[in-house]
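K.L.:
Sequence and predicted model, in that order:
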Amino acid sequence: MLSVVTLVSPTALAALDDVLLRRVARSLPEVRQPVWLDENIAADVIFAEPVTPAILAQVRDALGGRPIDFFVQPMALRRKRLLVADMDSTMIEQECLDELADFAGLKAHIAAITARAMRGDIPFEPALRERVALLKGLDAGVIGQIIAERISLTPGAQTLVRTMRAHGAFTVLVTGGFTAFTQDIAPRIGFDAHFANVLGIANGRLNGKIEEPILGRAAKCEVLERYRRERGLSASETLAIGDGANDLDMLAEAGLGVAFHAKPAVAAAAQARVDHGDLTALLYAQGYRRADFVA
């Protein structure tokens, strides 16, 4: 069985070099010649053994704490045909609910609840109901203002989605956030479909409620499973990415589940993680070269 270690440096650092590649290669059995995917940014090291926890530990030790993300996976079906991605703090750099809270003068209070929910300290669904209830009476018009003035796409978001789509993958944005945001953000990034919760609005103001059932941890995983079945894919052909505790089930279900700049408990539980780079790391993990990227 052939397996591959993909090493990815943050673009600004260009921290990969031949010395580090050789060090990683020496830690692996029956290694083939390393292959650059993007010089000094990303490279593959192919070896002839199954992926094991011991292999992961050897690669981590060889990197010696350098700011390099790495993925270790079988070569077979490395390129994915379904992407399911979280939105807040993953495909965008903000938490939309916290931005709403800022307009209500409650950002510090609500952001603290958000952080606890994303760490997994409290269940997601009741925490979401509690936060939305605090926003009752807020002018719904601020949603458009937040989208226009405060929302920024995570570096690499459009490139990841559009490159995968150009090569035949189906892409889905799924979030415990709100359709009022995804209906603008999903097409801007380039997703095929999006799923989110529906904020209650009456007479132009938030009514403090969410339409039930809430799209939470289990529902995110169900979206991945649904599209996998509909498209006749194996689990190994799927990729999921997220940062919070409500993403854990879908990360575990995917062929490659990636924690993106995630909370510690999420990073520890995920199959793979991006701690240093941007979202294009997930393209290198699939064997795409920089020349293959769709800008």
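P.N.:
Okay, I see it.

K.L.:
Around the closest residue to residue 64 other than its chain neighbours, how many other residues sit close by?
P.N.:
The shortest distance from residue 64 to any residue other than its chain neighbours is 7.9 Å, reached at residue 23 (CB to CB, 6 or more residues apart in numbering). Quick note: C-beta positions are derived from backbone N, CA and C, even for glycine. When neighbours are counted by other CB atoms under 10 Å, residue 23 registers 16.

K.L.:
cool, and residue 139?
P.N.:
12.

K.L.:
To what extent is the closest residue in space to it that isn't next to it in sequence buried, counted in neighbours?
P.N.:
Spatial nearest neighbour of residue 139, excluding adjacent residues (CB to CB, 6+ apart): residue 205 at 5.9 Å. Residues near residue 205, counting by other CB under 10 Å, number 15.

K.L.:
I'd say residue 205 and residue 138 touch.
P.N.:
Yes. Residue 205 lies in contact with residue 138 (CB atoms under 8 Å); the separation is 6.3 Å.

K.L.:
anything in contact with each of those two?
P.N.:
Common neighbours of residue 205 and residue 138, counting by CB atoms under 8 Å, 6 or more residues apart in numbering, are absent.

K.L.:
Can you report phi and psi for the closest residue to residue 155 other than its chain neighbours?
P.N.:
Leaving aside its sequence neighbours, residue 155 sits nearest to residue 278 (CB to CB, 6+ apart; 4.0 Å). Dihedral pair for residue 278: phi -100, psi -170, per degrees, to the nearest 10.

K.L.:
In terms of pLDDT, where does residue 278 sit?
P.N.:
Predicted confidence (pLDDT) for residue 278: 98.

K.L.:
Kindly export stretch 35-53 (C-alpha atoms) in CSV.
P.N.:
The C-alpha coordinates for stretch 35-53 follow below in CSV (Å, rounded to 0.1, in the frame of the first residue of the first chain):
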residue,chain,number,x,y,z
VAL,A,35,7.8,15.7,-5.1
TRP,A,36,7.3,19.5,-4.9
LEU,A,37,3.7,20.7,-5.4
ASP,A,38,4.7,24.3,-4.9
GLU,A,39,8.4,25.0,-4.2
ASN,A,40,9.2,25.9,-0.6
ILE,A,41,5.4,25.8,0.1
ALA,A,42,4.1,22.2,-0.3
ALA,A,43,5.6,18.8,-1.1
ASP,A,44,4.6,15.1,-1.1
VAL,A,45,6.7,12.3,0.5
ILE,A,46,5.4,8.9,-0.7
PHE,A,47,6.1,5.8,1.2
ALA,A,48,5.2,2.1,1.1
GLU,A,49,3.4,1.4,4.4
PRO,A,50,-0.1,1.9,5.8
VAL,A,51,-0.8,5.0,7.9
THR,A,52,-0.4,4.3,11.6
PRO,A,53,-0.3,6.4,14.7
